[in-house]
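Enquirer: no FASTA, just this:
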């Protein structure tokens, strides 16, 4: 039996969250996905659970709570995948600046790339 991956999706845009959740559902892999829409909810989640992976909206990195959230990811050694609306080049640079292990460009996410990244 496959191990279920616990994924935390931190995405403020409901449409983007819906699309990503749909991709994960049809991927064929065993995922347990929790969706929160802001840094406060993400921090609350992290106080009680440890995800195997975090998919994070890049806009969250502009919030004042970002440094606390980032410290939690680093302390618990949780891989971070940045979700960005920027060009692939800019998304890659931003991912590097915030310590993400990978990135996905929101309007270019497809099932193959999402599965490969996760």
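Expert: In hand now; what should we look at? Note that the structure is a prediction, hence the values are computed from the model and not measured.
Enquirer: what's stretch 105-116 in contact with?
Expert: 16, 19-20, 23-24, 26-27, 29, 83-88, 91, 104 (CB atoms under 8 Å, 6 or more residues apart in numbering). Where C-beta positions appear, they are placed from N, C-alpha and C, glycine not excepted.
Enquirer: inside helices: which ones of these?
Expert: 16, 19, 20, 23, 24, 26, 88, 91 (DSSP state H).
Enquirer: helix or strand: which one has residue 43?
Expert: Assessed by DSSP states H and E, residue 43 sits inside helix 39-48.
Enquirer: how big is the angle separating the helix or strand that comes right after that helix from helix 39-48?
Expert: Going down the chain from helix 39-48, the next helix or strand is strand 53-57, by DSSP H and E. On the basis of axes from the mean of the first three to the mean of the last three CA atoms, to 10 degrees, strand 53-57 is oriented at 170 degrees to helix 39-48.
Enquirer: make sure residue 93 is indeed in a helix.
Expert: Yes - using DSSP: H, G, I helix; E, B strand; the rest coil, the assignment for residue 93 is a helix.
Enquirer: got the contact list for residue 117?
Expert: Residues in contact with residue 117 (CB under 8 Å, 6+ apart) are 81, 102, 104.
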